[in-house]
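Novice: Sequence and predicted model, in that order:
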Amino acid sequence: MSARLTSAHTGSYLAQKLSGTVIDFHIEKKLHGVTVDNAENNTTMVKAIPLHIPEY
């Protein structure tokens, strides 16, 4: 199973796709961190993850 990125790689889009994958694998309560580079869209993504996964 993989999440295909079919849209612009904005932070909110990446958060939506990552969150969907985490939920699909039922690991919401096991996600403790995300390692990314320093691109601004990644910062936005990490800040947006709690909107999709409250446990994060």
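Specialist: Great, that's in hand.
Novice: give me the low-pLDDT residue ranges for the chain?
Specialist: Counting by pLDDT under 70, the chain shows low-confidence ranges at 1-2.
Novice: Which parts of it are helices?
Specialist: Across the chain, reading from the start of the chain, the helices by DSSP state H fall at 11-24, 40-52.
Novice: Columns distance to Val34 on top of those helices, output as TSV?
Specialist: Yep, even glycine has a C-beta here, placed from its N, CA and C like the rest. As requested, the helices of the chain are arranged in TSV below (distance: least, CB to CB, whole Å):
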stretch	distance to Val34
helix 11-24	7
helix 40-52	6
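Novice: which one of those lies closest to Arg4?
Specialist: Distances from Arg4 to each of those were compared by CB to CB, and the smallest falls on helix 11-24, at 8.5 Å.
Novice: From the contact counts, what lies against that closest one?
Specialist: helix 40-52 (3 or more CB pairs under 8 Å, 6 or more residues apart in numbering; DSSP states H and E).
Novice: contacting residues around Gln16?
Specialist: By CB atoms under 8 Å, 6 or more residues apart in numbering, the contact set of Gln16 is 48, 52.
Novice: and Leu51, how many residues sit next to it?
Specialist: The burial metric for Leu51, expressed as a neighbour count using other CB atoms under 10 Å, is 12.
Novice: To what extent is the closest residue to it other than its chain neighbours buried, counted in neighbours?
Specialist: On the basis of CB to CB, 6 or more residues apart in numbering, the spatially nearest residue to Leu51 that is not a chain neighbour turns out to be Ala15, at 7.1 Å. By other CB under 10 Å, 24 other residues sit near Ala15.
Novice: Is Ala15 in contact with Pro50, as I believe?
Specialist: No - applying CB atoms under 8 Å, one finds Ala15 not in contact with Pro50, separated by 9.1 Å.
Novice: which of the helices of the chain is buried the deepest?
Specialist: For those, average neighbour numbers computed from mean count of other CB atoms under 10 Å are highest in helix 11-24, which has a mean of 17.
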